[in-house]
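*Asks:* what's the 3D shape of this:
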Amino acid sequence: MRHRVQRSRLNRQNSHRKATVNSLVRSLVLRNRIQTTLPKAQVTARRADRLMTFGKRGDVAAQRMAFQSLQSRELV
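*Replies:* Residues are numbered from 1 along each chain as shown. All right, here's what the predicted structure looks like:
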């Protein structure tokens, strides 16, 4: 059942939403600050927090999960 399950859709299709959020996270990692709308910032903050958790773990599986979002060896 989907009761009370909410997700920020950002008025985009699934693939475009993933690409937008991944791009924002990459920019955040590179520049340490981004300027965007509040809903996009909230989704980006959740994804960035998850990536920081992967960084704290530091094992190979965590690096691979981080690479899925960042798509760059230099950023991982």
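*Asks:* so the spatially most central residue of the chain is in which element?
*Replies:* By C-alpha atoms, centre = their mean, the mean C-alpha position of the chain lies nearest to residue 47, the distance being 3.4 Å. Assessed by DSSP states H and E, residue 47 sits inside helix 38-57.
*Asks:* other SSEs contacting that helix?
*Replies:* helix 14-31, helix 60-70 (3 or more C-beta pairs under 8 Å, 6 or more residues apart in numbering; DSSP states H and E). (Each C-beta comes from the backbone N, C-alpha and C, glycine too.)
*Asks:* Near the spatially closest residue to residue 10 that is not a sequence neighbour, how many other residues are there?
*Replies:* The shortest distance from residue 10 to any non-neighbouring residue, by C-beta to C-beta, 6 or more residues apart in numbering, is to residue 17 (5.3 Å). Residue 17: 17 surrounding residues under other C-beta atoms under 10 Å.
*Asks:* Same question for residue 76.
*Replies:* 18.
*Asks:* List the contacts of it.
*Replies:* Residues in contact with residue 76 (C-beta atoms under 8 Å, 6 or more residues apart in numbering) are 63, 66-67, 70.
*Asks:* Excluding sequence neighbours, find me the nearest residue to residue 73.
*Replies:* That would be residue 67: by C-beta to C-beta, 6+ apart, it lies 7.2 Å from residue 73.
*Asks:* now the one you found: how far from residue 13?
*Replies:* Look at residue 67 and residue 13: by C-beta to C-beta, to the nearest Å, they are 24 Å apart.
*Asks:* Look at the two and report which has more neighbours.
*Replies:* residue 67 (14 against 10).
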